[in-house]
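Trainee: Have a look at this fold, sequence not included:
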């Protein structure tokens with residue numbers, strides 16, 4: 001019996017366990033954002049929207065396990081119908097990371113204007129490019145869909161080879177652009193900190209210090225999200241791209257195991273915000289107070305109890 005089929009119970013168990021952990025965290029983040037006004041900042045709402053798309057991905061993975069799509073031979077057009085919603089959510093969440101990087105850059109380089117912009121229209125503007133890109137990508141994929149035989153059904157294999165090639169290139173370019181914006185933002189924050197500590201500036205208001213401290217924490221939180229995104233989702237995208245240059249029998253070996261890298265991407269928001277943001281940590285502790293560890297204040301790091309929010 002091939003090694004892959006011997007590992008099927010482990011792979012299915014891994015998927016179910018990770019998805020359940022991720023759904024627990026994602027649902028808590030979404031509920032917390034809806035319940036607490038302090039979390040409904042512009043970036044907080046973007047994180048919640050990203051978490052909703054991650055939740056769709058996790059539910060789709062559980063459905064895939066239930067239907068054994070990853071372990072059953074099928075046809076590309078049939079596979080596409082099964083994973084089209086999953087595919088839309090995947091494309092949307094990857095592009096939304098770029099929008100989050102843009103939002104943080106705007107908050108740093110033009111803080112006053114950023115605060116004055118109305119949240120609803122602003123979020124609509126930022127979410128429109130991911131929606132348009134995802135819709136356009138699905139439309140293009142549907143034009144190239146055929147009845148080709150597939151040994152398994154995954155989001156990446158559902159897309160025809162030519163579409164998959166350009167899709168991975170665009171996705172990777174988007175991530176690189178987001179990283180570049182994070183670096184530009186970090187440089188701007190560093191310049192702000194240097195100017196505030198200049199000997200020519202005798203006084204600095206408390207609100208200014210708090211604002212700059214908040215900028216640093218926002219940058220660190222989003223940088224952490226991007227870091228995990230690169231380590232999980234982006235690495236799997238690179239493997240998808242590399243697989244196209246090998247024979248199909250070898251390429252399938254890549255697709256069998258890359259989901260192990262993908263799944264943590266869809267679980268990260270809750271845990272990153274809990275560890276990096278005192279405000280989120282405090283809210284999660286209140287929300288999960290029914291758990292014994294949270295009643296004893298041991299479920300989240302003590303450093304999250306105080307400090308400015310992010």
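Mentor: Received, thanks. These numbers come from a predicted model, not from an experiment.
Trainee: And stretch 151-170, how far out from the chain middle?
Mentor: Centre-to-centre, stretch 151-170 and its host chain are 20 Å apart (CA atoms, centre = their mean, to the nearest Å).
Trainee: make that stretch 97-117, sorry
Mentor: On CA atoms, centre = their mean, the centre of stretch 97-117 falls 19 Å from that of its chain.
Trainee: now what about it, what contacts it?
Mentor: 42-43, 46-47, 50, 126-127, 129-130, 174-175, 177-179, 181-182, 184-185, 188-189, 192, 211, 215, 218-219, 222, 225-226, 229 (CB atoms under 8 Å, 6 or more residues apart in numbering). C-beta here means a position set from N, CA and C on the backbone, and glycine is covered the same way.
Trainee: Which residue, other than its chain neighbours, is closest to residue 137?
Mentor: Distances taken as CB to CB, 6 or more residues apart in numbering place residue 91 nearest to residue 137, at 5.3 Å, with adjacent residues excluded.
Trainee: burial measure for the one you found, as a count.
Mentor: Burial of residue 91 is recorded as 25 neighbouring residues (other CB atoms under 10 Å).
Trainee: Distance check, it against residue 136.
Mentor: Taking CB to CB, to the nearest Å as the measure, residue 91 falls 9 Å from residue 136.
Trainee: Equivalent analysis for residue 285, please.
Mentor: Residue 285 is 42 Å from residue 136, where distance means CB to CB.
Trainee: for residue 78, same thing?
Mentor: Residue 78 sits at a distance of 23 Å from residue 136 (criterion: CB to CB).
Trainee: ok, these two, which is more surrounded?
Mentor: Neighbours per residue (other CB under 10 Å) separate residue 78 from residue 136, with residue 78 holding more: 14 against 11.
Trainee: Residue 290: how many residues sit nearby?
Mentor: For residue 290, the count of nearby residues is 7 (other CB under 10 Å).
Trainee: I'd like to know which elements the longest helix seen in the chain is packed against.
Mentor: For the chain, the helix with the greatest residue count under DSSP state H is helix 161-196. The helices and strands touching helix 161-196, judged by 3 or more CB pairs under 8 Å, 6 or more residues apart in numbering; DSSP states H and E, are helix 76-109, helix 119-144, helix 206-229, helix 235-243.
Trainee: neighbours around residue 66, how many?
Mentor: With other CB under 10 Å as criterion, residue 66 counts 10.
Trainee: Tell me which helix or strand it sits in.
Mentor: Per DSSP states H and E, residue 66 falls inside helix 42-67.
Trainee: Could you tell me how far that helix lies from the centre of the chain?
Mentor: Distance, centroid of helix 42-67 to centroid of chain: 9 Å (CA atoms, centre = their mean).
Trainee: Quick check: buried residues in that helix?
Mentor: Neighbour counts over helix 42-67 (16 or more other CB atoms under 10 Å) mark 42-61, 64-65 as buried.
Trainee: Just the mean pLDDT for that helix, thanks.
Mentor: Mean pLDDT, computed over helix 42-67, is 92.
Trainee: got a list of what the nearest residue to residue 52 once chain neighbours are set aside touches?
Mentor: Sequence neighbours aside, residue 30 is the residue nearest to residue 52 in space, at 6.4 Å (criterion: CB to CB, 6+ apart). Residues in contact with residue 30 (CB under 8 Å, 6+ apart) are 48, 51-52, 55.
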